[in-house]
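> the following block contains a protein sequence and its predicted model.
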Amino acid sequence: MKISIDFELTPAEAREMFGLPDFSELHQSITAEALKKCQEDPQAAFESIIKPALEQGVNGFSAYQNMMANFMKPQAKKSAK
């Protein structure tokens, strides 16, 4: 037997249903501040906002590559004890 239930909810309704906090005002204020910084001094905004995010993305991708490379390495056979 298969039962399917569909809910049509807005993100705000879903957040309220699961008891999650509403950070929309905080998000709007952070976004407005970042936009203001970008308009005032694009180079400084790049250095303080975008560059660190890009560096973290590259670091995360490098860690993922290393993990996958380690999976591909043949494992040394363990001696039976």
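Yep, it's here.

> middle-most residue in this structure, spatially?
residue 57 (9.6 Å; Cα atoms, centre = their mean).

> quick one: the helix or strand hosting residue 54 to chain centroid distance?
Using DSSP states H and E, residue 54 sits within helix 51-72. Centroid separation between helix 51-72 and its chain, computed with Cα atoms, centre = their mean, to the nearest Å, is 14 Å.

> tell me the phi and psi of residue 8?
For residue 8, the backbone dihedrals (degrees, to the nearest 10) come out as phi -110, psi 100.

> just the one 3 residues further on next, same as before
Reported as degrees, to the nearest 10, the phi and psi values for residue 11 are phi -60, psi -40.

> distance of it from residue 31?
Separation of residue 11 from residue 31 (Cβ to Cβ, to the nearest Å) stands at 16 Å. All C-beta atoms are positioned from the backbone trio N, CA, C, and that covers glycine.

> and residue 25, by the same measure?
Taking Cβ to Cβ, one finds residue 25 at 11 Å from residue 31.

> and residue 46, by the same measure?
In terms of Cβ to Cβ, residue 46 sits 16 Å off from residue 31.

> neighbour-wise, which of those two wins?
Per other Cβ atoms under 10 Å, whichever of residue 46 and residue 31 has more neighbours is residue 46, with 13 against 10.

> helix, strand, or coil at the more buried one?
Taken by DSSP: H, G, I helix; E, B strand; the rest coil, the conformation at residue 46 corresponds to helix.

> got the contact list for residue 42?
Residue 42 is in contact with no residue at all, counting by Cβ atoms under 8 Å, 6 or more residues apart in numbering.

> how about a cut-off of 10 Å?
Residue 42 makes contact with residue 50, according to Cβ atoms under 10 Å, 6 or more residues apart in numbering.

> now the one 4 residues further on
Contact partners of residue 46, counting by Cβ under 10 Å, 6+ apart, are 37, 38, 54.
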